[in-house]
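Asker: no FASTA, just this:
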């Protein structure tokens, strides 16, 4: 039980990083986000704890065997070598789930059939008894994954989808899965809201899923406690029943204590009387009916909430079947501002237009999938937004007039180029007047076409007094707002301040506000306020276009991938598959969001959280197209310090080793003093400096913004 092994925990797309945190909190040694799941390491005890306690997981898959799988015969033979008497009890039923990709096997049902045949043939030969196959409620469920000619065979420790909690007896027209409901509550920080004395409201509660899940979470009731009616979740013979019984006893004790202390602060309402009846029935089956109040009422008629703080959770209709419309969303937003102005919110919306129609300012929007439906989870800090003050336009100073005139001239000169190239995000000013030293970038929001301005102050010469520097920067900001006619809320400012160690950028906002912009056919999520960089390097626009144009049918690798905009462009350019590597979980979540924004789903888009140098040294796959844009310097507690000048020969060598015959590496960096070691590289690589062709028109004044090379194996 204490032997550490790697196992996979699946979940709905968009929940991966929440699930990572949950598994680590349960004691797993490691947990790394993957597509629609998490690769974890830990003991079988850890895995069984996930079956009992995970609120987010769909399945927990414990591996039995991994083997090459070139065709169905190789699959049958490999399955036949496993001693199934050690796994499936006599007279027990079983079922096989299969997921296949690549050329080895093309039909999942046929692959599942061959696994079933191998198991049945062996057990019948050894015991004389043919085991039953039960696809609905098997005693043992076997899971097969075949990818790139490699098969992984696992036991599904939960035996069924873990979103089922065991209390649902009735549901509405568009039921929300319980694990997605849990994610909405976690994103809304419901455990903290409850601990601080707050309440919960779902004004469109349907059969009560969100309200009931919130109450069970507050009461510390394990999701798996009712699911199996006291029985182990599987009859797999590798499971120690005593361990499961211990987990049950612990869960029951925690539930008894939590339910006894549960407050009556859970409110649900719905216009449909049958939905309210179902919600009450489900709450009774869950054992929390005394803590919940369900009322048949239209949202517009709800009275103000009597508690000062709380969380509004809501899954309003958003698919064609339920005929959603912006007017209903606007009415919902108006009602929530009236009845719970100080409360926070976690609201699931089905589209960008519906999210805007609700009229609430959200802190962050998370892309999720509710079954087959793509949707967006809006996290709102406060329902009632203070009105923005309307200030009279100030008279521009002489310096501001000068900057404004230069901005207008730049816009006029670049207009034809921007229209011809369909450029919506560009650098409009780059210290064109040296005394007004800043970069001004324009981002155009998709859909609304609203302009957002990102202003980054450059370091002034040491001999310039701080007071003069501040006055000049204030003049520049006045010119920006005048020329672009934008509200202050649409201008993100990164200022330098004198601090210990020299001039540094000041503290950034924590708005968690994203906008979506377009680059060619790609949709990119940008955050202008919270970080020094916005999520997309505008100067790499031509290089990303080159990657898009050359990506068709390639195996694409993006190293130091940041938010993965190059990955998105390669995928839209019809890359066969993509692999993106970075050490930052924040950036990888951003990449995940960018992929979802472009409807790029599937296991062909692999995301790896790792130190790039170490990962390259261990990787054995080959790639046709590689993009490597390393930082000038980085240090992390999880990896060796990296400095591009010192390490670039080793880095490029490792990249070239991963190139398939005829493959291409694009290497770029923005270190101003960087010098490529041509003599060392010439021993194993051909290289061409392509910098001039990768500097876009709007960065012509700053041609040293980056350098780039096209590299092939010698």
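Answerer: Cool, the structure landed. Only a predicted model underlies this, so the values are computations on that prediction, with no experimental measurement involved.
Asker: Show me how the chain divides into domains.
Answerer: As assigned by automatic domain parsing, the chain contains the domains 5-156, 178-219+262-380, 398-505, 537-713.
Asker: Nearest to residue 231, out of those domains?
Answerer: Among the domains of the chain, the nearest to residue 231 by C-beta to C-beta is domain 5-156 (10.2 Å). In short, each C-beta sits where N, CA and C put it, glycine included.
Asker: would you list every one of the helices in the stretch 151-300 of the chain?
Answerer: Using DSSP state H, counting those that start in this stretch, the helices assigned to the stretch 151-300 of the chain run over residues 178-187, 190-195, 209-218, 241-260, 273-286.
Asker: Could you look over those helices and pick the most buried one?
Answerer: Highest mean neighbour count of those: helix 209-218, a mean of 28 (counted as mean count of other C-beta atoms under 10 Å).
Asker: Tell me what angle that one forms with helix 273-286.
Answerer: Between the axes of helix 209-218 and helix 273-286, defined by axes from the mean of the first three to the mean of the last three C-alpha atoms, to 10 degrees, the angle is 20 degrees.
Asker: switch to numbering from 321
Answerer: Done: numbering now begins at 321, and the last item shifts to helix 529-538.
Asker: Just want the angle from helix 529-538 to helix 498-507.
Answerer: Using the same axes, to 10 degrees: helix 529-538 against helix 498-507 is 70 degrees.
Asker: Tell me how many other residues surround the nearest residue to residue 521 once chain neighbours are set aside.
Answerer: Nearest non-adjacent residue to residue 521, counting by C-beta to C-beta, 6 or more residues apart in numbering: residue 587, 4.7 Å away. The number of residues packed near residue 587 is 21, by other C-beta atoms under 10 Å.
Asker: picking up where we left off before, so which of the helices of the stretch 471-620 of the chain is nearest residue 748?
Answerer: Comparing those against residue 748 with C-beta to C-beta, the closest turns out to be helix 498-507 (35.4 Å).
Asker: which ones are touching residue 675?
Answerer: The neighbourhood of residue 675, defined by C-beta atoms under 8 Å, 6 or more residues apart in numbering, consists of 669, 682, 685, 696, 698.
Asker: Can you list the neighbours in contact with the strand or helix carrying the third one?
Answerer: So that's residue 685. Mapping residue 685 onto the secondary structure by DSSP states H and E places it in strand 684-690. Under the criterion C-beta under 8 Å, 6+ apart, residues 332-335, 496-497, 500, 503, 507, 635, 668, 675, 694-699, 832-834, 913, 916-917, 921 lie in contact with strand 684-690.
Asker: go with 6 Å
Answerer: Outside strand 684-690, the residues within contact range by C-beta atoms under 6 Å, 6 or more residues apart in numbering are 332-334, 500, 695-699, 832, 913, 916.
Asker: Of those, which is the most crowded?
Answerer: residue 500 (26 neighbours).
Asker: Output the helices of the stretch 471-620 of the chain as TSV; include the columns distance to residue 793 and mean pLDDT.
Answerer: Conversion of the helices of the stretch 471-620 of the chain to TSV gives the following (distance: least, C-beta to C-beta, whole Å; pLDDT from 0 to 100):
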stretch	distance to residue 793	mean pLDDT
helix 498-507	37	96
helix 510-515	38	96
helix 529-538	47	97
helix 561-580	54	95
helix 593-606	56	95
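Asker: Distance across stretch 866-874, terminal residue to terminal residue?
Answerer: Across stretch 866-874, the terminal residues are separated by 13 Å (C-alpha to C-alpha, to the nearest Å).
Asker: ignore the last one, stretch 478-486
Answerer: End-to-end distance of stretch 478-486 (C-alpha to C-alpha): 13 Å.
Asker: Report the buried residues of that stretch.
Answerer: Within stretch 478-486, the residues that count as buried by 16 or more other C-beta atoms under 10 Å are 478-480, 482-485.
Asker: Columns distance to residue 967 and pLDDT on top of the residues you listed, output as TSV?
Answerer: Putting these into TSV (distance: C-beta to C-beta, whole Å; pLDDT from 0 to 100) gives the following:
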residue	distance to residue 967	pLDDT
478	44	95
479	49	93
480	49	92
482	43	95
483	45	93
484	50	92
485	50	92
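Asker: Can you say which two of the residues you listed are spatially most distant?
Answerer: Largest separation among those by C-beta to C-beta: 479 and 485, giving 14.2 Å.
Asker: Can you say which helix or strand has residue 799 in it?
Answerer: Per DSSP H and E: helix 786-804 holds residue 799.
Asker: Quick one: the helices in the stretch 671-820 of the chain, in order.
Answerer: In the stretch 671-820 of the chain, the helices defined using DSSP H, counting those that start in this stretch lie at 672-677, 718-741, 786-804.
Asker: which SS class is the residue lying closest to residue 687 once chain neighbours are set aside?
Answerer: In this structure, residue 687 finds its nearest non-sequential neighbour in residue 916, 3.9 Å apart by C-beta to C-beta, 6+ apart. Under DSSP: H, G, I helix; E, B strand; the rest coil, residue 916 falls in the helix class.
Asker: can you pull the pLDDT of residue 916?
Answerer: On pLDDT, residue 916 comes in at 89.
Asker: Give me the distance between it and residue 514.
Answerer: According to C-beta to C-beta, to the nearest Å, residue 916 stands 29 Å off from residue 514.
Asker: rewinding a little: out of the domains of the chain, flag the one nearest residue 562.
Answerer: domain 325-476 (11.1 Å).
Asker: Can you give me the first-to-last residue distance of the closest one?
Answerer: Span of domain 325-476 from end to end, C-alpha to C-alpha: 15 Å.
Asker: So what's the gap between that domain and the chain middle?
Answerer: Mean C-alpha position of domain 325-476 versus that of the full chain (C-alpha atoms, centre = their mean, to the nearest Å) differs by 25 Å.
Asker: Repeat that for stretch 854-866.
Answerer: From the chain centre to the centre of stretch 854-866 is a distance of 21 Å (C-alpha atoms, centre = their mean).
Asker: what comes into contact with it?
Answerer: Taking C-beta under 6 Å, 6+ apart as the rule, stretch 854-866 contacts 747, 774, 844, 846-848, 883, 885-886, 889, 1014, 1016, 1019, 1025-1026.
Asker: Let me know the closest of these to residue 386.
Answerer: Closest approach to residue 386 among these (C-beta to C-beta): residue 886, at 31.1 Å.
Asker: what about the helix or strand harbouring that closest one, average pLDDT?
Answerer: Taking DSSP H and E as the criterion, residue 886 maps to helix 885-892. With pLDDT averaged residue by residue, helix 885-892 scores 97.
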